[in-house]
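Student: Generate a structure from the sequence data that follows.
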Amino acid sequence: MCARHIYANWFKKWKGVDRKIQFYNCVRSKFVEDFELQIQGLEALGPTSSNNLFATPVQHWSKAYFKSTSKCDVVDYNMTKAFNGWIVEARAKPIISMLEQIRIMVMSRMTVKRNWAEKRENQYLLESS
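Tutor: Just a heads-up that it's a prediction; the model follows:
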């Protein structure tokens, strides 16, 4: 579930920049205690404003309640949109050609990222010595 969509539904009833900021503070809370503190801050802006949020289980939209096995803390689906935009050219091809082009794109990206990481690691080692 995407926090942005949950916010869009919640925003229909509870408007305001302060509420938006406080909502995303709740979403990005990494610990249950911090989440509860942020919810209290949200309730200070409107006593029943947090009730509508809990219509969607909090395990789906707050980092504090994500499973510890999750290795990604993305709370919206912009990554999906970016990937779909990245493969737009390949999507127009037949399935085998599309998958082959995506494979090449991913392998090229992995090589670029690996080289970047090695460069950073070497730079760190030089600075440490």
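Student: Which segments of this protein make up each domain?
Tutor: Residue ranges for each domain of the chain read 3-65, 79-128, as given by automatic domain parsing.
Student: Need the winner for burial among the ones you listed.
Tutor: Compared across these, domain 3-65 shows the largest average neighbour count, a mean of 15 (mean count of other C-beta atoms under 10 Å). For every residue, glycine as well, the C-beta is placed using N, CA and C.
Student: Name the single longest helix found in the protein.
Tutor: The residue-count maximum for a helix in the chain (DSSP state H) belongs to helix 95-128.
Student: With mean pLDDT as added columns, please give the domains of the chain in CSV.
Tutor: Below are the domains of the chain laid out as CSV (pLDDT from 0 to 100):
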stretch, mean pLDDT
domain 3-65, 81
domain 79-128, 86
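Student: Show me what the longest helix of the chain is packed up against.
Tutor: Helix 95-128 sits against helix 88-91, with contacts defined as 3 or more C-beta pairs under 8 Å, 6 or more residues apart in numbering; DSSP states H and E.
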